[in-house]
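Engineer: Dropping the sequence and predicted coords here.
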Amino acid sequence: MTSILRVRALRKEFAVHERPPGVAAALRSMLHREYKKIVAVDGIALDIQPGERVGFLGPNGAGKTTALKIFSGLLHPTSGEVLVDGHEPRRREDAFLKKIMLVLGQKQQLLWDLPPSETFELNRAVYDVPRAQYEATMRELTALLGLEDLVKRPSRTLSLGERMKCELAAALVHRPRVLFLDEPTIGLDVSMQATVRDFVKRYNEQHGATLLLTSHYMEDVAQLCPRVIVIDRGAILYDGALGDLVTRIRPDRRIVLRFSRPVAESDLAALATVVRHSAGESVLQVPKEAVNAVVGRALANLPVSDLTVQSPPLEEVMSELFARNRPRAATGEAPP
Amino acid sequence: MRRPLARYGRLLLVQLRASVLLGMQYRADFLLDGVVEVFWVATAIVPLLVVFAARPSVAGWRFGEALMVMGWFTFLEGVLEGTISPSLISVVEHIRKGTLDFVLLKPADAQFLVSTARIQPWRALNVLTALVLFAWGFRALGRGPSAGAVALAAVTMLSAVVVLYSLWLLAVSAAFYVVRIDNLSHLFNAVFDAARWPIDVFHGAVRFTFTFVLPLALMTTVPSRALLGVLPLRSLVGSLAGAALTFALSRVVWKASIGRYTSAGG
């Protein structure tokens, strides 16, 4: 199968004007400016197949948003190759722009003072969507996102969550085949996050659209993306299945125990490393191969009322991955 | 792409519709805009009355002829304030907020989309006022315009609109580099105000600037001469060439600026 997104040796540099704080430095900088080269994307390569759901993970400033903006043609790469379904994004051909959409959780395209339905109508005209197809799409989006009452109210009167639902609808009027989502759930409450996630997943399944998503909420990624690409300082640290990443970085398991009566921490420490210990609940960290033995001993020796075995939280896996990358980046040493 | 002209015609209608809806969303503002507009147009005539009360002609222009210049100025001001300025000011807003992303993501010419984004329907009042000023002027002169003169005036006015739009686009393109261009737009409006007088009123360097650098002469004096039936051929050629040149230049600069766009935030 040919990739819908093909990236080779992609690099993006920005020249950033830098000056020390203070009035004197500000005056000096008016005469002579010092520019520092920032490498936002540093030679990444990746392939995404049609219909895939891929999570783009990385700390702030890792280069995720820059990469998405290059993929959607907003930014021109310094060097390297990007092909989206055979199109070079920087050329911004109509045929390319009709196939893709970039949803930016922190920015909005809805006309602020008009109802969202006006933005939908504007997009219908811009994207040349036939009337019948437009109406079918709107019916579907309205039902899935529960937009009935929202689309007739001025956008400025909508809540953040309601607005995001309408933003998604506006982005999908032309049924893009490739959807870049940059922090689509930012600032939303937990139930609204789930709504957005479910909707995005269903859009992918029903229309075979390809998704590339960035999010600070690991839950988004865990629920949506079988494959993750981890990026830090403009370089790819990991590309593969989410489960494999967790196993590779943190091969240990968490055993969560609840007791019918208080248990001393020393009794637990004899079994395994104690991550958390409180009156009602304790969490142990155990190497994967030792899980059976530790569970057996806990059940035999302690007043266990409830027991579950979990993978370490994704947030911890990520911060450990980035922490491992930092000393390497700083000293140039090979990773352990 | 099937028939791009028809497509852009449809797009224009949809954009205009959104602007009119926006205008009507705030009914009180809509009404107030109209009242303010009538006031402005009325006060614009006062300086002309003051100057001509003392003498029969200024720099070779009689009162009735000067009214033509004032008429075209009012018309052009309506075009500027009603269509060009609000649309292009919204580009600056887009650049500052980073929402120009959404314009650039659309499969249509970005310059077209931003240039037709906003209109102020009340500014159509300027067109009516211009017609009144023309009628008044011809009455003062004791004659009417010929059909050929009207046609020629329409052509030169179209050139003037193109020049005005192109200069504004150049100014807006500067926003890609410096982000804040409020002062530039104030300066532009202040200079544009000089177009209410015939170019012959000015002398030396100012006249040269208003003819070739910021071609105010092209904007009001040339269409007025056309309407009065006294336009030299070289002025007509100059008007058309000037419009083609400034438009081409602004298009090139706009394209280059878009390429430099770095998109705000994240």
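Structural biologist: That came in fine, so what should we check first?
Engineer: how close does the nearest residue to B:Leu12 once chain neighbours are set aside get to B:Gly9?
Structural biologist: Beyond its immediate neighbours in the sequence, the residue positioned closest to B:Leu12 (CB to CB, 6 or more residues apart in numbering or on different chains) is B:Thr116, lying 5.6 Å away. Placement of C-beta: from N, CA and C, glycine included. The spacing between B:Thr116 and B:Gly9, counted by CB to CB, to the nearest Å, is 11 Å.
Engineer: try B:Asn126
Structural biologist: In this structure, B:Asn126 lies at 24 Å from B:Gly9, with CB to CB as the measure.
Engineer: Which one's more surrounded, the two?
Structural biologist: B:Asn126 (24 against 10; other CB atoms under 10 Å in any protein chain shown).
Engineer: Which of the helices or strands spans that one?
Structural biologist: In this assignment (DSSP states H and E), B:Asn126 forms part of helix B:124-141.
Engineer: Could you check how far the next helix-or-strand element following that helix is from the centre of its chain?
Structural biologist: The first helix or strand that comes after helix B:124-141 along the chain, using DSSP H and E, is helix B:147-173. Using CA atoms, centre = their mean, to the nearest Å, we find the averaged C-alpha position of helix B:147-173 to lie 7 Å away from the chain's own average C-alpha position.
Engineer: mind listing what's buried in helix B:147-173?
Structural biologist: Along helix B:147-173, these residues count as buried under the neighbour rule (16 or more other CB atoms under 10 Å in any protein chain shown): B:149, B:152-153, B:155-157, B:159-173.
Engineer: I'd like the mean pLDDT over it, please.
Structural biologist: Helix B:147-173 comes out with an average pLDDT of 93.
Engineer: the inter-axis angle of it versus helix B:124-141?
Structural biologist: Taking axes from the mean of the first three to the mean of the last three CA atoms, to 10 degrees, helix B:147-173 and helix B:124-141 form an angle of 140 degrees between their directions.
Engineer: After helix B:147-173, which helix or strand is next? Please name it.
Structural biologist: The first helix or strand that comes after helix B:147-173 along the chain, using DSSP H and E, is helix B:175-178.
Engineer: and the stretch 151-300 of chain A, which of its residues are near chain B?
Structural biologist: Within the stretch 151-300 of chain A, the positions adjacent to chain B are A:154, A:182-183 by CB under 8 Å from any CB of the partner chain.
Engineer: quick one: which of those residues is nearest to B:Gln111?
Structural biologist: Closest approach to B:Gln111 among these (CB to CB): A:Asp182, at 25.5 Å.
Engineer: how many neighbours does the closest one have?
Structural biologist: Quick note: A:Asp182 (other CB under 10 Å) scores 24 neighbours.
Engineer: hang on, isn't it packed against A:Ala67?
Structural biologist: No: in this structure, A:Asp182 sits apart from A:Ala67 without contact. The criterion is CB atoms under 8 Å, and the distance is 9.9 Å.
Engineer: Show me the helices in chain B, by range?
Structural biologist: With DSSP state H as the criterion, chain B has helices at B:4-25, B:27-54, B:63-79, B:85-97, B:100-104, B:110-115, B:124-141, B:147-173, B:175-178, B:182-192, B:204-208, B:216, B:222-228, B:233-260.
Engineer: can you list these in CSV and add distance to A:Ala136?
Structural biologist: Supplementary listing: the helices of chain B in CSV, determined by distance: least, CB to CB, whole Å:
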stretch, distance to A:Ala136
helix B:4-25, 20
helix B:27-54, 35
helix B:63-79, 41
helix B:85-97, 31
helix B:100-104, 24
helix B:110-115, 26
helix B:124-141, 38
helix B:147-173, 39
helix B:175-178, 39
helix B:182-192, 44
helix B:204-208, 62
helix B:216, 53
helix B:222-228, 50
helix B:233-260, 34
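Engineer: just those: most buried one?
Structural biologist: Compared across these, helix B:216 shows the largest average neighbour count, a mean of 28 (mean count of other CB atoms under 10 Å in any protein chain shown).
Engineer: So what touches it?
Structural biologist: The contact list for helix B:216 (CB atoms under 8 Å, 6 or more residues apart in numbering or on different chains) reads B:191-192, B:194-195, B:199, B:210.
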